[in-house]
Structure formats: structure tokens, C-alpha cells
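mind folding the following:
(one chain, ligands or ions: 1)
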Amino acid sequence: MNRNVNVQAIVLKARKDGDSNRNLTLLSVDEGIIEIRAFRSRTSKSAPKAYQFQEGMFFLYYNPVNKQYSLKDVQLISPHDGIKQNYEAIISASIMVEFTMRTANDDMANTYQLLARALDFLDDASFEKDVVVIQFLLRLIKEHGLIEDFKKCPVCGSTYKEKDILNFSHELNVACCSNCEKIPTLILRPKARLYLSYTLGMSFEDALAVKLNESTRIRIKNYMITWATCIMNRPFNSLGSAIN
Ligand SMILES: [Zn+2]
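Presented below is the predicted three-dimensional model:
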């Protein structure tokens, strides 16, 4: 393996390592999720540094003996400074990063593009943060093959009627008709279903412009977070116990 590796990546996590180093978890376009060490990043002014949610080109050295990547240099593409200045943006970005890590697979190229765009939107104060989270989770759950179009039941194939309320199959982690799952543990009402179905056909940016009133927005966000929780099979650490 080439010992010098350059990757375009997003910092998913940054952790202290002893008194002077940092360990970073990166999501890269080509290598997927990788762990790297940034030596002296906490103590030396001249050492290369990168922080959580930043996107950049990372110049790495790979040590084949201990199988470790270390950071040689970084050129930021999007520092996403706006996220760090807004508590709601930090929580939103943390939810997206946690779901990305918990559902990681071998092919992360589309996930990378999705996360990079979503972080750009969170960085921009003009977009509603809840809607960025809704649209990110919707698109990543679709990427995982668990959403078709909200127009027919993915289990039995029957077409939904306009006023149908959907239930949820915990076995398959999909929204489905009330014949396929009779116990309403997680329901999707017609208006919310229409919103999800309609915006799924749009670009991410166009979907963010679709207006939602506050109570509908919060209800749909809670629905998407509960769905993601079912897929992860564990609660979000990012939400702690205070929210949701
Ligand atoms: Zn069905």
C-alpha cells in the first residue's frame, strides 16, 4: 500500500488522545470510515488540525506496521464554523453523524455527498435545522433501501388510499399498511406522508424550501428520528435524555 494517502473527508468525531494528540474519525469518499491520529494537535501551533464536522482534503501517512493513519496536513474545503456557533446546529449535525456511523457499510460515496450537503445547509443560518435533519434522515434511509415512495406498501404491494394512516414494521424497519402491521406503535398520518413522498422527489435544496408549520415539522422530525432509532436498534446518544 502507498504510504502517503490523500482523501477528501469529513471529520465525524474528534477525541483527545493523551495530553497532546487527537484521534479523528473521518468519513472519506474513497476509503469509507477511517480512524486517524493527529499528533501534537492539542499542543503545537504548527501541527495540522481539524475539528468535528469540518470537510477537507486530508494528507495522511499510513504506517503498515501498526496499521495506523496519521495526519500530515489538511486543506479545509468547508470549515462549517457556523455549526459550532449554534447549539441547535450542533445537535442536528451530531444526529446526522451518529446515524451515518451506526449504519455505515462498504459503499459510502453517496452517503458522503449527502452528509457534506446537509452540513453545508446547517452551516447556513437561512435553512431550518429541523428540516435539514428530516431531509437528511429521509434520504439516507432511502439510500439504505428502506423507502420506495410512500405510495404503496413495501410489504404487500397494495396502493395506499389518500386517508390511510401507515403503521410500522419493526421486523423490516419500513412504514407499511395497517394490514401488514396491525399494532400502531409508530404511525404516519396522511399529511406527513404526503410531505415525505412529495419532497423525496425533489433535490435536497428544493425540499428545504417546502414550508411546514412548527407542530407538523416537529412531529415529522420525531417520526424520522424514531424510525432511525429503530434502524440503529438503540437510542441516539446525541439526543441525551432531555429531547424526544
Ligand atoms: Zn401491506
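
C-alpha only now, for contacts and for neighbours.
Will do.

show the end-to-end separation of stretch 225-238, please.
One end of stretch 225-238 to the other measures 11 Å (C-alpha to C-alpha, to the nearest Å).

flag every buried residue along that stretch.
Ile225, Thr226, Trp227, Ala228, Thr229, Cys230, Ile231, Met232, Phe236, Ser238 (16 or more other C-alpha atoms under 10 Å).

so the fourth one is in which element?
In this structure, Ala228 is located in helix 214-232 according to DSSP states H and E.

just checking, Ile34 is part of a strand?
Yes: assessed with DSSP: H, G, I helix; E, B strand; the rest coil, Ile34 lies in a strand.

what sits against the residue lying closest to it once chain neighbours are set aside?
Distances taken as C-alpha to C-alpha, 6 or more residues apart in numbering put Leu26 closest to Ile34, at 5.3 Å, once the chain neighbours are dropped. Counting by C-alpha atoms under 8 Å, 6 or more residues apart in numbering, Leu26 touches Ala9, Ile10, Val11, Leu12, Lys13, Gly32, Ile33, Ile34, Glu35, Ile36.

phi, psi of the third one?
Its backbone dihedrals place Val11 at phi -80, psi 110, with angles given as degrees, to the nearest 10.

Phe121 against Val133, yeah?
No: under the criterion of C-alpha atoms under 8 Å, Phe121 is not in contact with Val133, lying 9.9 Å apart.

identify the bridge partners of Met33.
Quick fix: residue 33 reads Ile, not Met. Leu27 (DSSP bridges).

any idea how far Val65 is from Arg234?
For Arg234 relative to Val65 (C-alpha to C-alpha), the value is 35 Å.

same thing with Ser46?
Distance of Ser46 to Val65, computed by C-alpha to C-alpha: 27 Å.

domain parsing for this protein?
As given by automatic domain parsing, the domain ranges for the chain are 4-78, 81-239.

mean pLDDT for the ones you listed - can I get that in a markdown table?
Output for the domains of the chain, formatted as a markdown table (pLDDT from 0 to 100):
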| stretch | mean pLDDT |
| --- | --- |
| domain 4-78 | 93 |
| domain 81-239 | 96 |
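
so which of these is nearest the ion?
domain 81-239 (4.0 Å; C-alpha to the ion).

check whether the closest one contacts the ion.
Yes: Domain 81-239 lies within reach of the ion by C-alpha under 5 Å from the ion, at Cys153, Val155, Cys156, Cys177, Cys180.

sort out which of those are in strands and list them.
Using DSSP state E, no member of the residues of domain 81-239 next to the ion falls in strands.

buried ones only from those, please, as a PyMOL command.
To isolate the buried members of the residues of domain 81-239 next to the ion in PyMOL, using 16+ other C-alpha under 10 Å:
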select buried, resi 153+177+180
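
okay, and which of the residues of domain 81-239 next to the ion map to helices?
Residues of those located in helices (DSSP state H): none.

which residues touch Ser197?
Contacts of Ser197 by C-alpha under 8 Å, 6+ apart are Asp149, Phe150, Lys151.

ok, now which ones touch the closest residue to Glu128 other than its chain neighbours?
Closest residue in space to Glu128, ignoring its immediate chain neighbours: Leu208 at 7.6 Å, by C-alpha to C-alpha, 6+ apart. Going by C-alpha under 8 Å, 6+ apart, Leu208 touches Phe127, Glu128, Val131, Val132, Gln135.

list only those of those residues flagged as buried.
Buried, going by 16+ other C-alpha under 10 Å: Glu128, Val131, Val132, Gln135, out of those.

just to revisit the earlier point, ok, and the most crowded of the contacts of Leu26?
Ranked by neighbour count (other C-alpha atoms under 10 Å), the contacts of Leu26 have Ile10 at the top, with 31 neighbours.
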